[in-house]
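>>> any chance you could fold what I've pasted below:
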Amino acid sequence: MNKYKTGDTRVTNLIRAHYSPGTVSREVTLVVKLAKQIINGQVNFGKNEERIKRIDTVYGKGYGQLIQDEINSLLGSKSAKW
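Residues are numbered from 1 along each chain as shown. This is a model prediction of the structure:
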């Protein structure tokens, strides 16, 4: 983070909140995996606000927005690529 002066804000916030690197890695993996499953239709949590609320209920407060951000990021990079 400090070396390159950039980084993913979500990851940076977890590190600053004193989560261990292993925990940060597990959290990021969970978010990306679930986001990909939602995009591929393997998991259905509904759409947008409904999805955020349902994910917060299952995984804990804040996860819904993290996963929605990841979905937006994945779809954005995918559309830019294609």
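
>>> low-confidence regions, this structure specifically.
With pLDDT under 70 as the threshold, the chain has low-confidence stretches at 1-8, 10, 77-82.

>>> and the helices in it?
When secondary structure is read from DSSP state H, the chain shows helices at 9-16, 21-39, 48-59, 63-81.

>>> turn these into JSON lines, columns for mean neighbour count.
Any C-beta I mention is one placed from the backbone N, CA and C, and that applies to glycine too. As requested, these are arranged in JSON lines below (neighbours: other Cβ atoms under 10 Å):
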{"stretch": "helix 9-16", "mean neighbour count": "14"}
{"stretch": "helix 21-39", "mean neighbour count": "15"}
{"stretch": "helix 48-59", "mean neighbour count": "14"}
{"stretch": "helix 63-81", "mean neighbour count": "15"}
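
>>> who touches the residue nearest to residue 51 when sequence neighbours are not counted in this structure?
The spatial neighbour of residue 51 that comes closest, neighbours along the chain excluded (Cβ to Cβ, 6 or more residues apart in numbering), is residue 45 at 4.3 Å. Contacts were defined as Cβ atoms under 8 Å, 6 or more residues apart in numbering; by that measure residue 45 touches 38, 51, 54, 55.
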